[in-house]
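> Provided below for reference: sequence and predicted model.
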Amino acid sequence: MEETINSLGNLCAVIGSQWGDEGKGKITDILSEHFDVLARASGGANAGHTILVNGEKHVFHLLPSGCLHEGKPIVLGSGMVVHLPTLLEEIKTLKEAGIDVVPRLHISEAAHIVLEYHKKIDGVVENRRSGKEGGIGTTMRGIGPTYADKAHRIGMRVGDLRKDEEEIKRYFSHHASYAAKMYDIAINSEIELTQLFEAKKLLEKRITNSVDYLHKSLGKKRILIEGAQATLLDIDHGTYPHVTSSNTTVTGAMQALGLPPRSLTACIGVVKAYCTRVGGGPFLTEVSGKRGDELRERGGEYGATTGRPRRCGWLDIGALKFASKINGFTHLNITKLDVLDAEVSIPVYDGDKITELPGWQESTAGKTDYLELPERAQEYIEYIEKESGVPIGFIGTGPGREEMIIR
């Protein structure tokens, strides 16, 4: 275990290799014990990372999953779009659990703010899209419209909270007036401004130049980057248009945090032992009917953010190879191996090629030693390792923090 952890070096990224929901939060939480600084690079509250510790479930949308480890500095990077009420709610929930993250929080001044009216715009755009080509299944969290404002250079950034209240009012009114006319929506300025001022009061002193902060730590402390969403949802390399609005690859994360690519020492690709997808878009390995329903129920495949049932299917090695090619994975983390315990046979896809591997029909739940896995479960792991060309360093065997094999 120690050798594997040490092999990750001083700057390690955890990146989803499928369509999200692979279980990035758990490996991030486990690794956070061994790292000094925890950074989230991009995305917004459309991400949901679930951690189970001592039977208690914690769900994070904006804060890195490792924030449960006290004393670790937390960075929210420039590539993020931050819905301030969600962030304040997460901070409040943690404080009620005895964890105060505010003193160790560093929020990039360049991160953009998701306003309530961005959610309304999300709905308008999705409805217009549905009438022509079908919706893409957005989470309606205002993520796309916020990134659109960023690209149009008209968005509000977290650094704007440093302005005095009158200036914030004028700045907000200017942007809100434009949005109301453009999308024919009603905007409740009173609620919006109340939320902005509440966030200003609590977080103004935690706003920083995150690039400078991270570079002071670079080479001196161990930094762990938690990716959001996953490679096949990347705005450039994913299954467009059924993608998110940010770059979800490791290079996107490095760009969003302002870190030089050569400083990266390891990249862990997180891949579910099968595959799931939320929302619309192509899904080559999707399985429907009773078998798909059973897979969903055994895996608890419902969105942590939206509660929507996830589409379920088999592992797509071709897609994994593609994700590895883009990200340069140095390690893989296979998650939810135990969900396949009941399967008699397990199809694995690689383009048009389908390989049927024998199931093990024995429990792998809670195993922490690789040699304790059933022989056929080991064969399944080693097949993925061989076909992907990436060493599998971590294998999840249950939802709990302790249910992980580290090879």
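Alright, I've got the coordinates.
> element containing the residue lying closest to Pro261 once chain neighbours are set aside?
Distances taken as Cβ to Cβ, 6 or more residues apart in numbering place Met254 nearest to Pro261, at 5.5 Å, with adjacent residues excluded. Where you see a C-beta, it was placed from the backbone N, CA and C, and this is true even at glycine. Assessed by DSSP states H and E, Met254 sits inside helix 250-257.
> immediately after that helix, which helix or strand?
Trace forward from helix 250-257 with DSSP H and E and the next one is strand 266-272.
> pull the residues that contact that following strand.
With contact meaning Cβ atoms under 8 Å, 6 or more residues apart in numbering, strand 266-272 is reached by 7-9, 11-18, 21-24, 27, 230, 250, 315, 320, 323-324, 327-336, 384, 390, 393-394.
> out of the residues you listed, which are buried?
Buried by 16 or more other Cβ atoms under 10 Å: 8, 11-18, 21-24, 27, 230, 250, 315, 320, 323-324, 327-336, 384, 390, 393-394, out of these.
> so for Ser130, what pLDDT did the model give?
We have a pLDDT of 67 for Ser130.
> in the lowest-mean-pLDDT helix or strand in the chain, what's buried?
One helix or strand of the chain scores below all others by mean pLDDT, DSSP states H and E: strand 49-53, with a mean of 71. Residues of strand 49-53 classed as buried: His49, Thr50, Ile51, Leu52 (neighbour count, 16+ other Cβ under 10 Å).
> ok so, going back, is it true that the residue nearest to Pro261 touches Pro260?
Yes - A contact is recorded between Met254 and Pro260 when judged using Cβ atoms under 8 Å, the distance being 7.4 Å.
> more neighbours: these two, which one.
Shown here are Met254 and Pro260; by other Cβ atoms under 10 Å, Met254 has more neighbours (23 against 10).
> which residues touch that one?
Shown in contact with Met254 (Cβ under 8 Å, 6+ apart): Ala13, Ala41, Ile225, Pro260, Pro261, Ser263, Leu264.
> which ones among the contacts of strand 266-272 map onto strands?
11-16, 315, 331-335, 393-394 (DSSP state E).
> how about JSON lines for the residues you listed, with pLDDT and distance to Ala148 added?
Formatted as JSON lines, those follow (pLDDT from 0 to 100; distance: Cβ to Cβ, whole Å):
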{"residue": "Leu11", "pLDDT": "98", "distance to Ala148": "31"}
{"residue": "Cys12", "pLDDT": "98", "distance to Ala148": "32"}
{"residue": "Ala13", "pLDDT": "98", "distance to Ala148": "26"}
{"residue": "Val14", "pLDDT": "98", "distance to Ala148": "27"}
{"residue": "Ile15", "pLDDT": "98", "distance to Ala148": "24"}
{"residue": "Gly16", "pLDDT": "97", "distance to Ala148": "23"}
{"residue": "Leu315", "pLDDT": "98", "distance to Ala148": "34"}
{"residue": "His331", "pLDDT": "98", "distance to Ala148": "35"}
{"residue": "Leu332", "pLDDT": "98", "distance to Ala148": "34"}
{"residue": "Asn333", "pLDDT": "98", "distance to Ala148": "33"}
{"residue": "Ile334", "pLDDT": "98", "distance to Ala148": "36"}
{"residue": "Thr335", "pLDDT": "98", "distance to Ala148": "32"}
{"residue": "Gly393", "pLDDT": "97", "distance to Ala148": "38"}
{"residue": "Phe394", "pLDDT": "98", "distance to Ala148": "36"}
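> touching, Ile113 and Pro85? I think so.
No - using Cβ under 8 Å, Ile113 makes no contact with Pro85, being 10.7 Å away.
> neighbour count: the two, which is higher?
Comparing Ile113 with Pro85 by neighbour count (other Cβ under 10 Å), the higher total belongs to Ile113, at 26 against 17.
> need the pLDDT of Thr194.
Thr194 carries a pLDDT value of 97.
> scratch that, Met140 is what I was asking about
pLDDT, read off for Met140, is 85.
> alpha carbons of stretch 191-210, in CSV - could you do that?
Below are the C-alpha coordinates for stretch 191-210, written out as CSV (Å, rounded to 0.1, in the frame of the first residue of the first chain):
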residue,chain,number,x,y,z
ILE,A,191,-33.1,37.1,-3.5
GLU,A,192,-30.1,37.1,-5.8
LEU,A,193,-28.5,40.1,-3.9
THR,A,194,-29.3,38.6,-0.5
GLN,A,195,-27.4,35.5,-1.5
LEU,A,196,-24.4,37.4,-2.8
PHE,A,197,-24.2,39.6,0.3
GLU,A,198,-24.5,36.5,2.6
ALA,A,199,-21.6,34.8,0.7
LYS,A,200,-19.6,38.1,0.8
LYS,A,201,-19.9,38.2,4.5
LEU,A,202,-18.7,34.7,5.1
LEU,A,203,-16.2,34.2,2.3
GLU,A,204,-14.7,37.5,1.3
LYS,A,205,-11.5,36.9,3.3
ARG,A,206,-11.2,33.4,1.7
ILE,A,207,-11.0,34.7,-1.8
THR,A,208,-7.5,34.5,-3.2
ASN,A,209,-5.2,34.3,-6.2
SER,A,210,-5.3,30.5,-6.2
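> and the contacts of it?
Contact with stretch 191-210 is made by 75-78, 84-85, 87-88, 91, 102, 105-110, 113, 115-117, 158-159, 161-162, 165, 168-169, 172, 176, 257-258, as judged by Cβ under 8 Å, 6+ apart.
> list the buried ones in it?
Using 16+ other Cβ under 10 Å as the test for burial, stretch 191-210 gives Glu192, Leu193, Gln195, Leu196, Ala199, Lys200, Leu202, Leu203, Arg206, Ile207, Thr208, Ser210.
> now stretch 69-83
69, 72-83.
> what of stretch 228-244?
228-235, 237-239, 242-244.
> just so I have it, where are all the helices in the stretch 301-407 of the chain?
For the stretch 301-407 of the chain, helices defined by DSSP state H, counting those that start in this stretch occupy the ranges 317-327, 375-388.
> quick check: most distant residue from the centroid of this structure.
Glu166 (35.5 Å; Cα atoms, centre = their mean).
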